[in-house]
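> Build me a model:
(one chain, ligands or ions: 1)
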Amino acid sequence: MALLAVGLVLALLATDLAAPSGDTLLSAFSPFKQISGAQDKELGFRVHSGPAEPQQQMSGELGMVMAKCIGKRASPLPVRAALDGITLVSLVRQEHIVLLAFEKDKFLTPDFTSLDVLTFAGSGIPAGINIPNYDDLRQTEGFKNVSLGNVLAVAYATQREKLTFLEEEDKDLYIRWKEPSFDVQVGLHELLGHGSGKLFVQDEKGAFNFDQKTVINPETGEQIQSWYRSGETWDSKFSTIASSYEECRAESVGLYLCLHPQVLEIFGFEGADAEDVIYVNWLNMVRAGLLALEFYTPEASNWRQAHMQARFVILRVLLEAGEGLVTITPTTGSDGRPDARVRLDRSKIRPVGKPALERFLRRLQVLKSTGDVSGGRALYEGYAAVTDAPPECFLTLRDTVLLRKESRKLIVQPNTRLEGSEVQLLEYEASAAGLIRSFSERFPEDGPELEQVLTQLATADAQFWKGPCEAPSGQA
Ligand SMILES: [Zn+2]
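Model prediction:
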C-alpha cells in the first residue's frame, strides 16, 4: 500500500541541488481530470546495467492513459493496429535488415500504450518501458511496451539557449520536431527494436529452434556454428555488455525503420514533415552520442549508462560511414571556452547512413542470434572504446561535454493521501526543497525505519560507485 500511496507526477528541477536557479525549474502538469479510465501498473525486478555488473533492480509504476493521447497525431492504438497489419516480418522483408531466419517464427502482436505515470518507484524514471526484459520470455510469451507521456514531455522541455553543440540553423527545426521524432523513435525502439530478432536455441532434449541445414549466417556465408544451449540466456552469455548492446540494437532499429515511408505514415507524417522528422531523429541521435561522453569514466575505461553508451556506439558507426554524413568540429564558444559543433548532412542520410546502419544492425543481430559472445564483444567494445585518437579526439571532446553540460533534470513526484473516501493529490513546487518535501511526506508512518534501510543499502553499494552516479531518463 505504501507504494500505491506514493505520489504523482510531476514537476521538474535542475539536478544541481546547490544552485536551484529559477529558469531551469519547469512545471509540467498533473491533470487528474483527463483520466480516461485505463490504468496500468507494474511491479517487479528488472535487469539493469549496474556499476560493476548487470544487476536486478526492483521498480514499480502506476500510470494511466490520458485523454490527451488521442490527439491530432497518430495515437498509440492506430499505431499498434497498423504495425500489426504490416507486421515485423514484412518490414524486415521489405528492408532486408537481416535474413528472415533470424526473425521470430511468429510475430507476436506487441502491446503498446502511452501512459502518464502517477508514480514511479525506482532509481530513475525511464521514458518508455519494454517488459519483460528477458529475451527468452519475450520470444515465447510476447511483450508489452509503455511510453511514459508525461516523462517525455519533461524530456522535451529544453530551452533554445541550452541546446548545446547544434548549429544555429538547426535549433529551430530541432525544437519544432524533437517531440514528434522522439515519439517515433521510442515507438520503433520499443515495438520493433526490442521486439525483433530470434535467438537460436538448442533445448534440453537436443532439438533446435532453427534449421541447422538451411540457415546460413549472412556474415560468413556458412551454416550456423553457435547457439544458446538449454539454460543459457542473452544476459547470462553477454553479461556486462548485454544491456547496452541490446539498447544499441533497439536504437538502431528505430533510426533505420524511421526511413521507411509506410512507418512514418502510420505515425502521421508524410512529405516534407516526414523528412524533418527523420532529420531531427538522426540529428538527435548523433548529438546524444556526443553528450553520452559525460557517462564515460576514463579512469576506469568504463561506461556508466547503457543507453548513452549505445548512442555513442551509433555515433561512431555513422562517423565511420564517412562521406561527410556526420562531422564534429571543435570550436571556441562566445565565452572563450572550448565548444563543439555537430553536423549531420541531410542529403547523406539515405545514401550513406542507411547502408552503414544496415550493415551494423545485421552484424549486431547475427552475433546476438547465434550467441557469439567473442564476436559480439569485439564488435561492441571496439565501437564503445573512447580514445583521444584523431580526428575526433573523444577524450578531449569529453572535457568540452562536461564543461557545457546542462543540469540534470529530476522529477518531483507528488503524493496522494486518503481522506475519508476521497483521494487528495499533494503536489510540490519544482525545486530542490519541493523534492525533499515530497520524499519526507511520502511515508509518514514508517519514514525513520525506511531511512535506516536505505542508508544501509547505500552504504553496502558505495564501494561500487567510484564516480558520480547517474541514471538519466531514457528508454528502458
Ligand atoms: Zn530499450
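> Determine the longest helix present in the protein.
Counting residues, the longest helix in the chain under DSSP state H turns out to be helix 234-257.
> Show me how far it is from its chain's centre.
How far helix 234-257 lies from its chain's middle: 10 Å, per Cα atoms, centre = their mean, to the nearest Å.
> repeat for stretch 145-162
When C-alpha coordinates are averaged (Cα atoms, centre = their mean), stretch 145-162 and its chain have centres 13 Å apart.
> CA atoms only: put that stretch into PDB for me.
C-alpha atoms of stretch 145-162 as PDB (Å, rounded to 0.1, in the frame of the first residue of the first chain):
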ATOM      1  CA  ASN A 145       5.500  -1.600 -24.400                       C
ATOM      2  CA  VAL A 146       4.700   1.500 -22.500                       C
ATOM      3  CA  SER A 147       5.700   5.000 -23.400                       C
ATOM      4  CA  LEU A 148       5.500   7.400 -20.400                       C
ATOM      5  CA  GLY A 149       4.000  10.500 -22.000                       C
ATOM      6  CA  ASN A 150       4.500  13.000 -19.100                       C
ATOM      7  CA  VAL A 151       8.100  11.900 -18.700                       C
ATOM      8  CA  LEU A 152       8.700  12.500 -22.400                       C
ATOM      9  CA  ALA A 153       7.100  15.900 -22.100                       C
ATOM     10  CA  VAL A 154       9.600  16.800 -19.400                       C
ATOM     11  CA  ALA A 155      12.500  15.500 -21.500                       C
ATOM     12  CA  TYR A 156      11.400  17.800 -24.400                       C
ATOM     13  CA  ALA A 157      11.400  20.900 -22.300                       C
ATOM     14  CA  THR A 158      14.900  22.000 -23.300                       C
ATOM     15  CA  GLN A 159      15.300  25.800 -23.800                       C
ATOM     16  CA  ARG A 160      16.900  27.100 -27.000                       C
ATOM     17  CA  GLU A 161      19.900  28.700 -25.300                       C
ATOM     18  CA  LYS A 162      20.700  25.300 -23.700                       C
END
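> And the ion, is it touching that?
No. Residues of stretch 145-162 contacting the ion under Cβ under 5 Å from the ion: none, with a closest distance of 9.6 Å. The C-beta positions use only the backbone N, C-alpha and C, and glycine is treated the same way.
> averaged over its residues, what pLDDT does that stretch have?
Mean per-residue pLDDT for stretch 145-162: 76.
> list the buried ones in it?
Asn145, Val146, Ser147, Leu148, Gly149, Asn150, Val151, Leu152, Ala153, Val154, Ala155 (16 or more other Cβ atoms under 10 Å).
> Stretch 194-204 now?
By neighbour count on 16+ other Cβ under 10 Å, the buried set for stretch 194-204 is His194, Gly195, Ser196, Gly197, Lys198, Leu199, Phe200, Val201, Gln202.
> ends of it, how far apart?
26 Å (Cα to Cα, to the nearest Å).
> anything in it near the ion?
No. On the criterion Cβ under 5 Å from the ion, stretch 194-204 is out of touch with the ion, staying 5.6 Å away.
> From here on, call the first residue 30.
Right, with 30 as the first residue, what we last looked at is stretch 223-233.
> That stretch: how far from the chain's middle?
Distance of stretch 223-233 from its chain centroid, counting by Cα atoms, centre = their mean, is 22 Å.
> Ala156 against Leu181, yeah?
Yes. Taking contacts as Cβ atoms under 8 Å, Ala156 lies within contact range of Leu181: 5.1 Å.
> Overlap of the contact sets of those two?
Here Ala156 and Leu181 share the contacting residues Val215, scored by Cβ atoms under 8 Å, 6 or more residues apart in numbering.
> quick one: low-confidence parts of the stretch 180-329 of the chain?
Within the stretch 180-329 of the chain, the segments meeting pLDDT under 70 span 185, 187.
> mind running it again at 80?
Applying pLDDT under 80 to the stretch 180-329 of the chain flags residues 181-188, 190, 216, 219-221, 223-224.
> can you map out the strands along it?
Per DSSP state E, counting those that start in this stretch, the stretch 180-329 of the chain carries strands over the ranges 230-231, 257-258, 325-326.
> Could you export these as CSV, including distance to Cys287?
Below are the strands of the stretch 180-329 of the chain laid out as CSV (distance: least, Cβ to Cβ, whole Å):
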stretch, distance to Cys287
strand 230-231, 31
strand 257-258, 30
strand 325-326, 27
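> just to revisit the earlier point, okay, buried residues for the longest helix of the chain please.
In helix 263-286, counting by 16+ other Cβ under 10 Å, buried: 263-264, 266-267, 269-286.
> want to throw the buried residues of stretch 223-233 into TSV with distance to Leu166?
Converted to TSV, these look like this (distance: Cβ to Cβ, whole Å):
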residue	distance to Leu166
His223	12
Gly224	13
Ser225	15
Gly226	14
Lys227	14
Leu228	11
Phe229	17
Val230	13
Gln231	18
